[in-house]
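J.: after the sequence you'll find the predicted model.
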Amino acid sequence: MAKKSECELCADPGGDLLWEDALCRVVRVTDPTAAAFPGFCRVVWHRHVAEMSDLAAEHAHHALDILLATERALRRTVQPDKINLASLGNMVPHLHWHVIPRWKDDSHFPAPIWAGAQREDIKRRTADHAVLRKALETELSTLNEMP
Ligand SMILES: [Zn+2]
């Protein structure tokens, strides 16, 4: 496991910040890979841990709530055919999840985005940062109203 001092998610947000609380953050991915998947987000745990099972139960539940809110916000704003939810951490063993909107005609569908491209990329409109942020805030406020 990489030391905290060498970890890129300890040193850098990992994308453009959409939302954060004391435990985790949601960022819009800005890597070149993300261009073909507008709205591609990551949920990043602030503390350097490698596995979801390193979290206390209440923190794991919180992470799941944030993941679901992010997924719902993406479904509402970019209306993909599918959402891919992935937690790999092989390259960066700092707990984070990829929340990836997918379309049946995107460059890699139905393969994972990290596999080889299956066809030319269809240029889609970039997901608007402010719209995504607002949708995420709406989903999170709904979450907080639940008993
Ligand atoms: Zn880290």
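T.: Structure received. Given the structure is predicted, the values throughout are model-derived calculations rather than measurements. Residues are numbered from 1 along each chain as shown.

J.: show me how far the longest strand along the chain is from its chain's centre.
T.: With residue count as the measure and DSSP state E as the assignment, the chain has strand 96-102 as its longest strand. Mean-position distance between strand 96-102 and its chain equals 4 Å (C-alpha atoms, centre = their mean, to the nearest Å).

J.: does it come close to the ion?
T.: No. Using C-beta under 5 Å from the ion, strand 96-102 stays clear of the ion, coming no nearer than 9.1 Å. Just so you know, the C-beta spots here come from the backbone N, C-alpha and C atoms, and that holds for glycine as well.

J.: partners of that strand, with directions?
T.: strand 41-45 (antiparallel), strand 82-86 (antiparallel) (DSSP bridges).

J.: show me what contacts the residue nearest the centre of the chain?
T.: The centre of the chain sits closest to Arg42, judged by C-alpha atoms, centre = their mean, with a distance of 2.3 Å. By C-beta atoms under 8 Å, 6 or more residues apart in numbering, Arg42 lies in contact with Gly14, Gly15, Val26, Val27, Val29, His96, Trp97, His98, Val99.

J.: closest to the ion out of the strands paired with strand 96-102?
T.: The ion lies closest, by C-beta to the ion, to one member of these: strand 41-45, at 8.7 Å.

J.: right, and the helix or strand after the closest one?
T.: helix 57-78 (DSSP states H and E).

J.: now do Pro112 against Leu143, distance only.
T.: 28 Å (C-beta to C-beta, to the nearest Å).

J.: what about the spatially closest residue to His59 that is not a sequence neighbour, neighbour count?
T.: Leaving aside its sequence neighbours, His59 sits nearest to Leu23 (C-beta to C-beta, 6 or more residues apart in numbering; 6.3 Å). If you count neighbours by other C-beta atoms under 10 Å, Leu23 ends up with 14.
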